[in-house]
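> For reference, the sequence and a predicted model appear below.
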Amino acid sequence: MTIALENDWIWDSWYVHDGDLWHCFFLKAPKSLINPELRHFNVSQGHATSRDLVSWDHLGTSFAPSEGPAWDDYTTWTGSVVRGDDGQWHLFYTGTRKSEEGLYQRIGHATSDDLHSWTRVGDGLCLDLAGPNAEHYEADLMRGFWHDRAMRDPWVMRDPEGDGWLMFFTARAPGIPEANAGGAIGFATSKDLMTWELQPPVFVGGFGQLEVPQVFEVDGTWYCLFCTAANHFSKEQAEGLEGGPVTGNHYLIGESPRGPWRVAPGFLDGDLPCRRYAARILQTPEGLRIMGFADYPDGTRFVGEILDPEPVIVTADGLLQVAPHSQE
């Protein structure tokens, strides 16, 4: 069974494991819009639970844009969920505002005791491209050069090298002549999940955008999963990939969460047209599993459902590989 809704499209998702339950949070929008490209600015967050990542119980809407004028009154896009030291759950998410036409993205923060009902911390805003380290980012909208002021898809995790927390996010670096070479993995740190300090990016280059980053470790090697589109490959990356650019999910390899990072050879999970996008890799007792949404697999119709998990293996040389479909 996929994660699907009769009346809503589903796309980006993120997961957390609590006890014997997996919690999936996902972006959704009504199919009554008819045009799936309108979904991004008619969005809310849904919530479902499962014991096996295959059969899911849907719990309805868990989070949505602010109702009055606010920094996140237009969209509440992709994020991540972690549990703090006090047992409280923390949601970090992407927000945009109507008065800016959704072109400027910022990162917000909400908390919950039950993983479903979320309360914004203050007005919700916790991080923007401001302060001393903003100079390392494309902090203003570059009209005619790129389509948004990118700061989205926060991935938050404990710092394995200290007592605090790390945040990674989709961003862009300034001053790079080739638009498709300016994608970046942004970075911020916090001691307590409440106050965040913007840091320089941990990676720049290769693609115009590296969306939905997820940083994790397997057997001493660090990986940063991301997704990107065929039309966002840099010239160097496009020329270096046998068969040419594809749309889907790829990854960086690093020595630690802070890097240095490099683009893995080949491409992990891509197709033209795209079969699966905005994937996550989950660490389960049975091994690694990849989950993402069905995009335009036949090239004509947006599906908007999350595909069943598929196995991912780590090769002898430390590379990730999605098991062939025949092994499902």
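On my side now, so go ahead. What you are looking at is a predicted structure, and each value in this text was computed from that prediction instead of being measured. Residues are numbered from 1 along each chain as shown.
> For the residue at minimal distance from the centre of the chain, list the residues it contacts.
Geometric centre of the chain, nearest residue: residue 212, 2.1 Å, by Cα atoms, centre = their mean. Residue 212 sits next to 12, 78, 153, 170, 225-227, 278-280 when contact means Cβ atoms under 8 Å, 6 or more residues apart in numbering. Glycine gets a C-beta too; all of them are placed from N, C-alpha and C.
> Filter the residues you listed down to the ones in strands?
12, 78, 153, 170, 225-227, 278-280 (DSSP state E).
> Just send these back as JSON lines, with neighbour count too.
Converted to JSON lines, those look like this (neighbours: other Cβ atoms under 10 Å):
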{"residue": "12", "neighbour count": "26"}
{"residue": "78", "neighbour count": "26"}
{"residue": "153", "neighbour count": "31"}
{"residue": "170", "neighbour count": "26"}
{"residue": "225", "neighbour count": "25"}
{"residue": "226", "neighbour count": "29"}
{"residue": "227", "neighbour count": "30"}
{"residue": "278", "neighbour count": "25"}
{"residue": "279", "neighbour count": "28"}
{"residue": "280", "neighbour count": "22"}
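> Residue 135 looks like it's in a helix, true?
Yes: per DSSP: H, G, I helix; E, B strand; the rest coil, residue 135 lies within a helix segment.
> give me every residue that touches it.
Per Cβ under 8 Å, 6+ apart, neighbours of residue 135: residue 174.
> What of residue 94?
Counting by Cβ under 8 Å, 6+ apart, residue 94 has contacts 75-79, 105-108, 151-154.
> now with 6 Å?
77-78, 105, 152 (Cβ atoms under 6 Å, 6 or more residues apart in numbering).
> Check residue 80 too.
14, 92, 154-156.
> just to revisit the earlier point, and of the contacts of residue 94, the nearest to residue 232?
residue 152 (14.6 Å; Cβ to Cβ).
> what's around the closest one, how many residues?
26 (other Cβ atoms under 10 Å).
> same thing with residue 199?
Neighbours of residue 199 using other Cβ under 10 Å come to 16.
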